[in-house]
Every structure is written in C-alpha cells, then in structure tokens.
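Enquirer: I would like to see how this sequence folds:
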Amino acid sequence: MSKERPTIGTDGLALPIMPPDRDVRVWAKLVRVMFYTPGFMALLLIKTGEPAGFGITVELLMLSSAAAVVAGLFVGTQSASGGADISSKVGIWSGSLVMELLCAIPFLCAVPAMFHQLAHSTLLHASAPSAIDVTLGVSELLPAIAVLPFMLYQLAGFGTLHFVVSRTVNWILNLGILGLIVATYAANRVANFGAEKTFVGILVVAMAITVTYGVLKLRQMQVAYDANCPVKKKKDKDKDKDKEDE
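Expert: From the prediction side, this is the model:
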C-alpha cells in the first residue's frame with residue numbers, strides 16, 4: 001500500500017510537490033539502452049563514409065550516448081536509507097531529467113535527418129542502370145512521428161520537467177523543442193547545413209540550461225520538503241507498517 005505524502009508543512013505552508021517514487025532498475029536499464037543504441041548508430045554512420053548531411057547527426061547521436069553515462073551517475077546515487085543525504089534523494093529524478101532532455105531529444109532530432117540521408121545517399125548505395133527511382137514521399141516522415149508521443153509524455157505530466165517548471169513554461173519549452181526539431185529536419189532536407197547547425201546549437205544549449213536549472217531546483221525543493229515535512233510519531237509509523245503488511 002503506497003503512503004500518502006503530507007501536503008502541508010510544519011510552517012503551515014504548502015510543501016513542494018515532488019515527483020513520484022520511481023523504480024531505479026527501470027531507469028538503469030534505460031541508461032544502457034540510450035548509451036548503446038545512439039552510440040552504435042553513430043559509429044555505423046562514420047564507418048559507412050559519412051555523407052555531408054551526417055555531420056551534425058553523428059554529433060547528436062554521440063551527445064545522446066554520452067549524456068546517458070551522466071544520467072547513469074545520477075541514477076546510481078539514489079538512496080532512500082537512513083544515511084541518504086539531500087543529493088541522493090533526488091538522484092533518480094535528476095537522472096531522468098538528463099535522460100529526457102539530453103538523451104531522448106537529441107536522439108529524436110537526429111533520427112529523421114539520418115533516415116533521409118540514408119534513403120538518398122548515392123555514396124552508400126549506387127543505383128543500378130535499370131533501377132527505378134522510387135520517391136518515398138510522405139513516408140519519409142514516419143521516423144519523425146516518435147516526437148509526438150514524447151510530447152504527450154512531457155505535457156501530460158509523465159515527465160520530470162512537469163514538476164520543476166510551471167505548466168505554462170513546460171508548454172513553451174516543449175513547443176520550442178518541437179519547433180526546433182522540425183526546423184532542423186527541414187534545413188537538412190534542403191541541404192542548408194549552416195542553418196541546421198544553428199538550430200541544433202540552440203536546442204542543445206537550451207536543454208543543457210534547462211537540465212542544470214532542473215537538477216538544482218529539485219535539490220532545492222527536497223531541502224525545503226525535508227525542512228518542513230511533519231515528523232510522524234512512532235504510533236503513526238506502526239499503523240502505516242501494519243497497513244503495508246495487510
């Protein structure tokens with residue numbers, strides 16, 4: 001039986017709304033997935049000869065892979081034991097924030113452009129003289145559809161960012177992310193690689209700033225929560241334990 005968190009502190013004010021408890025093992029497995037998948041894709045692109053449009057795509061994939069290592073460091077510090085300090089109490093939330101903004105977003109930004117370059121690269125597959133050039137058309141946008149469930153994940157309250165910033169700021173950030181991903185893909189389609197690098201640079205810097213703010217904000221919220229959270233009496237703790245046993 002899950003415990004209900006207190007909402008009012010000892011000072012009579014509302015306590016910060018912290019993210020829910022999450023399974024460390026699930027996020028640890030996701031760290032491995034986000035480390036190996038983009039990393040291997042980037043190495044394969046480099047090995048195949050790297051067409052002109054792969055430059056920024058490889059960088060995004062490598063960023064996603066490297067950020068997964070940092071997210072793993074945060075997740076690994078999570079502790080709920082008696083010796084846990086403020087930082088270890090927000091370890092998994094901080095790691096999830098890194099995964100969401102510096103792993104998932106660069107990966108989602110890289111995949112559509114990568115598919116377009118792979119589909120049209122004459123360096124990777126030369127056309128036979130009698131081959132018919134089939135235009136993929138709208139189907140090229142299929143990899144980009146993955147951005148939509150990610151937006152739903154963020155805006156419907158599943159993401160960690162939902163607990164760090166206000167609803168309005170969350171919408172602004174996510175609409176900005178969507179707009180920059182679309183602009184990056186459009187620039188890649190027309191081979192405007194200078195504009196593509198500019199859009200990617202804005203996206204990555206914005207996500208790095210947001211992650212820094214989010215981690216520090218989570219720690220600040222935990223400090224305020226611990227300082228003002230009502231301490232349960234021993235009798236109340238025994239009642240909670242009996243309910244859990246039932």
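
Enquirer: May I ask which helix or strand of this protein has the lowest mean pLDDT?
Expert: In the chain, the helix or strand scored least confidently by mean pLDDT, DSSP states H and E is helix 234-245, which has a mean of 49.

Enquirer: To which secondary structure element type does the residue most central in space within the chain belong?
Expert: Geometric centre of the chain, nearest residue: residue 100, 0.9 Å, by Cα atoms, centre = their mean. The local conformation at residue 100, judged by DSSP: H, G, I helix; E, B strand; the rest coil, is helix.

Enquirer: measure it to residue 77 for me?
Expert: Separation of residue 100 from residue 77 (Cβ to Cβ, to the nearest Å): 18 Å. The C-beta positions use only the backbone N, C-alpha and C, and glycine is treated the same way.

Enquirer: do the same with residue 157
Expert: Residue 157 is 25 Å from residue 77, by Cβ to Cβ.

Enquirer: So for these two, which sits in the more crowded spot?
Expert: Higher neighbour count among residue 157 and residue 77: residue 77, with 17 against 11, using other Cβ atoms under 10 Å.

Enquirer: The residue lying closest to residue 16 once chain neighbours are set aside: what's it in contact with?
Expert: Distances taken as Cβ to Cβ, 6 or more residues apart in numbering place residue 221 nearest to residue 16, at 4.0 Å, with adjacent residues excluded. Shown in contact with residue 221 (Cβ atoms under 8 Å, 6 or more residues apart in numbering): 16, 18, 90.

Enquirer: Narrow those to those in strands?
Expert: In strands, judged by DSSP state E, none of the contacts of residue 221 are found.

Enquirer: Tabulate these (a markdown table), appending distance to residue 204, pLDDT and neighbour count.
Expert: Output for those, formatted as a markdown table (distance: Cβ to Cβ, whole Å; pLDDT from 0 to 100; neighbours: other Cβ atoms under 10 Å):
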| residue | distance to residue 204 | pLDDT | neighbour count |
| --- | --- | --- | --- |
| 16 | 29 | 79 | 17 |
| 18 | 28 | 82 | 16 |
| 90 | 24 | 87 | 27 |
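
Enquirer: can those residues go into TSV with extra columns for distance to residue 70?
Expert: Formatted as TSV, these follow (distance: Cβ to Cβ, whole Å):
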residue	distance to residue 70
16	25
18	22
90	15
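
Enquirer: Tell me the one of these nearest residue 30?
Expert: Nearest to residue 30 out of the contacts of residue 221 is residue 90 (Cβ to Cβ; 17.7 Å).

Enquirer: just checking, what's the longest helix in this protein?
Expert: Secondary structure of the chain read by DSSP state H shows that its longest helix is helix 193-228.

Enquirer: list the buried ones in that helix?
Expert: Using 16 or more other Cβ atoms under 10 Å as the test for burial, helix 193-228 gives 196, 199-200, 203-204, 206-207, 210-211, 214-215, 217-219, 221-222, 224-225, 228.

Enquirer: and if you look at stretch 167-178?
Expert: Residues 170, 173-174, 177-178 are the ones in stretch 167-178 that count as buried (16+ other Cβ under 10 Å).

Enquirer: Please identify the helix or strand for the nearest residue to residue 109 once chain neighbours are set aside.
Expert: Spatial nearest neighbour of residue 109, chain neighbours left out: residue 181 (4.9 Å); criterion: Cβ to Cβ, 6+ apart. Following DSSP states H and E, the helix or strand that holds residue 181 is helix 167-189.

Enquirer: again with residue 56
Expert: Assignment of secondary structure by DSSP H and E places residue 56 within helix 55-76.

Enquirer: now that helix against helix 193-228, angle please.
Expert: Inter-element angle recorded for helix 55-76 and helix 193-228: 10 degrees (by axes from the mean of the first three to the mean of the last three Cα atoms, to 10 degrees).

Enquirer: just how off-centre is stretch 168-188 within its chain?
Expert: 14 Å (Cα atoms, centre = their mean, to the nearest Å).
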